[in-house]
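**Student:** here's my sequence, what's the structure:
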Amino acid sequence: MEGKAVDYLYWYGSAWTTEQRPLLGLRDNSFWMGNSVFDGARAYDNVTPDLELHCARLLRSATHMLMRPTIDAESLAAICRAGVAHFEHGAELYIRPMFYARGGFIVPDPDTTECAIVIHRAPLPRNGFSACTAPFRRPSPDMAPTLAKASCLYPLTQQALHYAKQHGFDNALLCNADGHVAEFATCNIMLVREEVVYTPEPDGSFLAGITRARVIGLLRQAGITVAECRLRIDDVLEADEVFSTGNYAKVQPVLHIDDRHYPAGRIGELAHRLYHEFAHATAHIEAAA
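**Tutor:** Predicted coordinates:
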């Protein structure tokens, strides 16, 4: 790989390569059961914030989906960092480790669990986004394996994003089965009213993200009140400002939801600054040779 500009990099259990190859066949359990799990982490400005936490969550996802992880979180994070080092200094990358099972008929054979990783270029979004309310509901834990970051949950995300694009928006705002706000299709939501931050309380219907938790902690350390509670669509539409948290874009302002426009507010800008200060202070990696 020396001397070449790398766009995609793959790890199949022993070494990094730029060659993609098939991993699953028609009779392999995760191919036809859709039970593979993955996680997403970021590298940018030569930092990989909370990479170990993303790897640890992946292991929990695999266990929840009846697989047996074949590597511990610390070792997996080290492999991911070694992959990032193949790119140039400061490259903006998306890191996707995953587990899947080959054996088993309907229930996966945990002894056939395998691990793979893909790292690819993905510019960090910076301009904010629009969203619409959408007629989709996040399922509760007794309806789907919502406690895992599982591939089988993502067709609903695809449908929601398709709906948003058809209606001229970037993203979709989703509720849970009870009609309370859950999240955007691809990230968590935070809203601000009178200098207080409100965000949906975790109820198992959505992935309460690692970046979400990090931002909540940083805001509270800065003296900002953050309340996790049940929210209705009207609460969002009446907010002073709205911003999102998520691994892919980190902290972004929400420009408008339906026909309600929001300013890029002080609290969202503070959250953005605090998060990136945290990342640069704690998550440096070795620069590529």
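
**Student:** show me where pLDDT drops low in the protein?
**Tutor:** For the chain, the stretches with pLDDT under 70 are 1-4, 283-289.

**Student:** repeat the analysis, applying 90 as the threshold.
**Tutor:** Judged by pLDDT under 90, the chain has its weakly predicted residues at 1-6, 13-14, 21, 264, 282-289.

**Student:** so which residues of the stretch 1-150 of the chain form strands?
**Tutor:** Assigned strands in the stretch 1-150 of the chain, in chain order: 8-11, 16-17, 37-38, 41-43, 93-101, 113-121, 129-138 (criterion: DSSP state E, counting those that start in this stretch).

**Student:** A144 reaches P155, doesn't it?
**Tutor:** No: contact between A144 and P155 fails when scored by Cβ atoms under 8 Å: they sit 10.7 Å apart. From N, CA and C alone the C-beta is placed, and that goes for glycine too.

**Student:** okay, and the common contacts of those two?
**Tutor:** Between them, A144 and P155 have no joint contacts when contacts are counted by Cβ atoms under 8 Å, 6 or more residues apart in numbering.

**Student:** with neighbour numbers in mind, choose between these two.
**Tutor:** Using other Cβ atoms under 10 Å, the more surrounded residue of A144 and P155 is A144, with 16 against 10.

**Student:** apart from its neighbours in sequence, what residue is nearest that one?
**Tutor:** The shortest distance from A144 to any residue that is not its chain neighbour, by Cβ to Cβ, 6 or more residues apart in numbering, is 6.2 Å, and that residue is L153.

**Student:** repeat that for D7.
**Tutor:** Closest residue to D7 in three dimensions, ignoring its sequence neighbours and counting by Cβ to Cβ, 6+ apart: R121, at 5.5 Å.

**Student:** and the one you found, how many neighbours does it have?
**Tutor:** Taking other Cβ under 10 Å as the neighbour definition, R121 ends up with a count of 14.

**Student:** closest to the centroid, which residue in the protein?
**Tutor:** A centroid search over the chain (Cα atoms, centre = their mean) returns N247, at 4.5 Å, as the residue closest to the centre.
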